[in-house]
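[1] give me a model of this one.
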Amino acid sequence: TTLKPIRKTIIIVPSPTTMSTSSRLLTPLGIIVLLHSAYSCLHYRSIISSSALEDFLLEKGYNESSPPKDVVIEVILGFLFCLFGQVREAGEFLPVVGTGRTELRAPAHVSRDFDLFCTRARIVADAKIRAAAKS
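    From the prediction side, this is the model:
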């Protein structure tokens, strides 16, 4: 007898392991981008402060106290990479209210909003009324 090869169809379905792999890549990538933006900003400031063309650069709008636009973009991208990496690591979001829970509501008269308190002002007002009634 001859053996026939068995053909198997492979279907790739996203699994939790692939999700965690992508999140394991996104978060460190975001941290590296954030560190690079910090180094780039420090390098930019050192160039501006030690340059012989400091007056010329200040006239052109370069400022030592504000970061360059590429650093701002890098910080935003690094933050988003870290954010998406951590959100993907968390997995599926659950509903805020569970499915088996019932909502409890107290009637308005049972609520603490309608509690009455006997304060010193009320006692003083009652004493003034009694004193005025005696006179």
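[2] pLDDT weak spots in this protein?
    For the chain, the stretches flagged by pLDDT under 70 are 1-20, 51, 53-54, 95, 97-104, 106-118.
[3] and the helix or strand hosting residue 58, which residues are buried?
    Using DSSP states H and E, residue 58 maps to helix 54-59. In terms of neighbour count (16 or more other C-beta atoms under 10 Å), helix 54-59 has no buried residues at all. For glycine as for every other residue, the C-beta is placed from the backbone atoms N, C-alpha and C.
[4] tell me which other helices or strands the helix or strand following it touches.
    Next in sequence after helix 54-59, counting helices and strands by DSSP H and E, comes helix 69-90. If contacts are counted by 3 or more C-beta pairs under 8 Å, 6 or more residues apart in numbering; DSSP states H and E, helix 69-90 sits against helix 16-50.
[5] so the helix it packs on versus helix 69-90, what angle?
    Interaxial angle, helix 16-50 versus helix 69-90 (axes from the mean of the first three to the mean of the last three C-alpha atoms, to 10 degrees): 160 degrees.
[6] make residue 1 into 44 and carry on from there
    Done: numbering now begins at 44, and the last item shifts to helix 59-93.
[7] give me the helices and strands touching helix 59-93, please.
    Using 3+ C-beta pairs under 8 Å, 6+ apart: helix 59-93 touches helix 112-133.
[8] got the contact list for the helix it packs on?
    62-63, 65-77, 79-80, 83-84, 87 (C-beta atoms under 8 Å, 6 or more residues apart in numbering).
[9] just the CA trace of it, in CSV.
    Only the C-alpha atoms of helix 112-133 are listed here, as CSV (Å, rounded to 0.1, in the frame of the first residue of the first chain):
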residue,chain,number,x,y,z
LYS,A,112,10.1,69.8,18.0
ASP,A,113,11.6,66.4,17.2
VAL,A,114,12.1,65.8,21.0
VAL,A,115,8.5,66.6,21.7
ILE,A,116,7.4,64.2,18.9
GLU,A,117,9.7,61.5,20.3
VAL,A,118,8.3,62.0,23.8
ILE,A,119,4.7,61.7,22.5
LEU,A,120,5.6,58.5,20.5
GLY,A,121,7.4,57.0,23.4
PHE,A,122,4.5,57.6,25.7
LEU,A,123,2.0,56.1,23.2
PHE,A,124,4.2,53.0,22.7
CYS,A,125,4.4,52.5,26.5
LEU,A,126,0.7,53.1,26.9
PHE,A,127,-0.4,50.7,24.1
GLY,A,128,2.1,48.1,25.3
GLN,A,129,0.7,48.1,28.8
VAL,A,130,-2.9,48.2,27.6
ARG,A,131,-2.3,45.1,25.4
GLU,A,132,-0.5,43.4,28.3
ALA,A,133,-3.6,43.9,30.5
